[in-house]
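1. sequence-free structure coming up:
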């Protein structure tokens, strides 16, 4: 709800400024910047919540073993680790896939095992949804 509130606030800031000021132009200038940002935040939040619900309903807890790592320097943005992983677990055949995850500290290394969630119907997966499932 917090991110949706931020998104609505950004989308409405231009019209609110326009209504409370003496000129429509005063509201149009901020709205040109804040409205698309608000829409992007709302759409991204909806997609993440939809994926979380789907994985919670049909996801299978699995293991992703890192086969290859390439760190892409982010400059001013956080670094990203491009991974080649082998995903295995109950209820689906083991498969290999490419993905990107934030390159935190410690950085991912070849041979590391990460928790993953897989939708066996289409082998879509997510790494980093540890908060949805208990790991043994």
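-> Nice, I can see it. The structure presented is a predicted model; accordingly, all values stated were derived computationally and were not measured.
2. Just to be sure, residue 92 is in a strand?
-> No: checked against DSSP: H, G, I helix; E, B strand; the rest coil, residue 92 lies outside a strand; its state is coil.
3. Give me the mean pLDDT for the lengthiest strand in the chain.
-> Of all segments of type strand in the chain, defined using DSSP state E, the longest is strand 60-72. Across strand 60-72, the average pLDDT comes to 90.
4. Which residues belonging to the very next helix or strand once past it are considered buried?
-> Using DSSP states H and E, the next helix or strand after strand 60-72 towards the C-terminus is strand 80-88. Counting neighbours by 16 or more other CB atoms under 10 Å, one finds that the buried residues in strand 80-88 are 81, 83, 85, 87, 88. Every C-beta, even on glycine, is put in place using the N, C-alpha and C of the backbone.
5. I'd like the residues you listed laid out as a markdown table, including distance to residue 41 and pLDDT.
-> Shown next, in a markdown table, are the buried residues of strand 80-88 (distance: CB to CB, whole Å; pLDDT from 0 to 100):
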| residue | distance to residue 41 | pLDDT |
| --- | --- | --- |
| 81 | 25 | 85 |
| 83 | 27 | 90 |
| 85 | 29 | 93 |
| 87 | 30 | 93 |
| 88 | 35 | 93 |
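6. Show me the two of the residues you listed that sit farthest apart.
-> Using CB to CB, those span at most 20.0 Å, a distance reached by 81 and 88.
7. My guess is residue 116 contacts residue 60. True?
-> No: judged on CB atoms under 8 Å, residue 116 makes no contact with residue 60 at a distance of 9.2 Å.
8. For the nearest residue to residue 88 once chain neighbours are set aside, give me the pLDDT.
-> Excluding the flanking residues, the one nearest residue 88 by CB to CB, 6 or more residues apart in numbering is residue 94, at 4.2 Å. Predicted confidence (pLDDT) for residue 94: 92.
9. what number of residues lie near residue 94?
-> 11 (other CB atoms under 10 Å).
10. That'll do, ta.
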